[in-house]
Structure formats: structure tokens, C-alpha cells
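J.: Generate a structure from the sequence data that follows.
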Amino acid sequence: AAEGLYLCGLAHSPKLVGESITQANAAAMRAVTLLARDRLANVAITATVNPRRCVACGVCVQVCDYQARSIDPLRRVADVNEALCQGCGACVAACPNGASQQKGFEKAQLLAMLEAALEAV
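T.: Numbering: from 1, shown residues only. Just a heads-up that it's a prediction; the model follows:
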């Protein structure tokens with residue numbers, strides 16, 4: 001479920017050889033369209049972790065559908081793999097300590113937007 005990863009054949013689900021070949025051709029074509037670009041844009045809206053607030057409870061790891069989260073056993077904090085993170089915000093909503101934040105949607109920014117909206121009314 002991550003952008004740039006294309007499953008086909010038995011990696012996707014059980015299927016016949018002909019179906020696997022057709023699906024492999026489609027996956028290859030999707031990959032070629034990605035590789036043919038001059039530049040690739042990374043999704044800028046990814047999650048971050050404040051290591052001072054993180055207690056390595058693992059809640060964010062459990063709710064991440066993209067497997068972009070892991071617990072660093074040495075530092076005892078959650079890590080974000082920005083290449084896999086799709087910026088959905090599930091980890092931010094689930095974090096009981098508020099250690100996870102989503103770039104571009106920090107609490108101070110959201111409060112400022114709310115205040116501006118209320119002033120406009």
C-alpha cells in the first residue's frame with residue numbers, strides 16, 4: 001500500500017501463471033512511468049517523533065498501515081521511515097503522549113488556523 005511498490009503474481013495473491021504474467025507486465029509499466037520522470041517528488045507531509053516525549057509504547061507502530069514506524073531498541077523511541085510514510089496521520093492521532101506530529105499540521109499551526117477562522121466569522 002505504499003507508493004512506488006508494485007506487487008504482482010503470488011506476492012499479491014494466489015493466481016494462475018497467465019494472470020501472474022499479465023499482472024507483472026502491468027506492474028512493470030507502472031514502474032517505468034515512475035522511472036521515466038526527470039524528478040521525483042517526495043510526500044512532504046510525513047510524521048515526526050519528539051524523542052523527549054516518546055516512551056516507545058508501540059501504539060504508533062501498530063496503527064501504521066504502511067509499516068513506516070518502528071521502535072529503535074537502543075534509543076527506546078519510535079522511528080519514522082519517511083520513504084514509506086504516506087502522511088495519513090493515524091500515528092499522530094493514536095499517540096497517547098503527543099510525541100508524534102505531522103509536518104505541516106503542528107498543533108501551533110492548527111490553533112493559529114482556528115483562531116484566524118474564528119476572527120473571520
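
J.: got the contact list for stretch 14-26?
T.: When contacts are defined by C-beta atoms under 8 Å, 6 or more residues apart in numbering, stretch 14-26 is touched by residues 8-10, 12. To be clear about C-beta, it is placed using only N, CA and C from the backbone, and glycine gets the same treatment.

J.: List the buried residues of it.
T.: 20, 23-24 (16 or more other C-beta atoms under 10 Å).

J.: Also stretch 97-106?
T.: With burial defined by 16+ other C-beta under 10 Å, the residues of stretch 97-106 counted as buried are 99-102.

J.: where does the chain have low pLDDT?
T.: 1-3, 40-44 (pLDDT under 70).

J.: so where do the helices sit in it?
T.: Secondary structure of the chain (DSSP state H): helices at 17-35, 59-63, 90-94, 107-120.

J.: As a markdown table, these with distance to Arg75 would be great.
T.: A markdown table is the format used below for those (distance: least, C-beta to C-beta, whole Å):
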| stretch | distance to Arg75 |
| --- | --- |
| helix 17-35 | 33 |
| helix 59-63 | 14 |
| helix 90-94 | 17 |
| helix 107-120 | 24 |
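
J.: With respect to Ala78, which of those lies nearest?
T.: Taking C-beta to C-beta, helix 59-63 is the member of the helices of the chain nearest to Ala78, at 5.3 Å.

J.: Spit out the contact partners of the residue nearest the centre of the chain.
T.: In the chain, the residue lying closest to the centroid (C-alpha atoms, centre = their mean) is Cys85, at 2.0 Å. Applying C-beta under 8 Å, 6+ apart, we find Cys85 in contact with 43, 46-47, 66, 68.

J.: per the record, what domains does this protein have?
T.: Using the TED database, the domain parsing of the chain gives 1-41, 47-120.

J.: what's the most buried one of these?
T.: Most buried of the domains of the chain by mean neighbour count (mean count of other C-beta atoms under 10 Å) is domain 47-120; its value is a mean of 15.

J.: Endpoints of it, how far apart?
T.: Distance across domain 47-120, first residue to last, is 30 Å (C-alpha to C-alpha, to the nearest Å).
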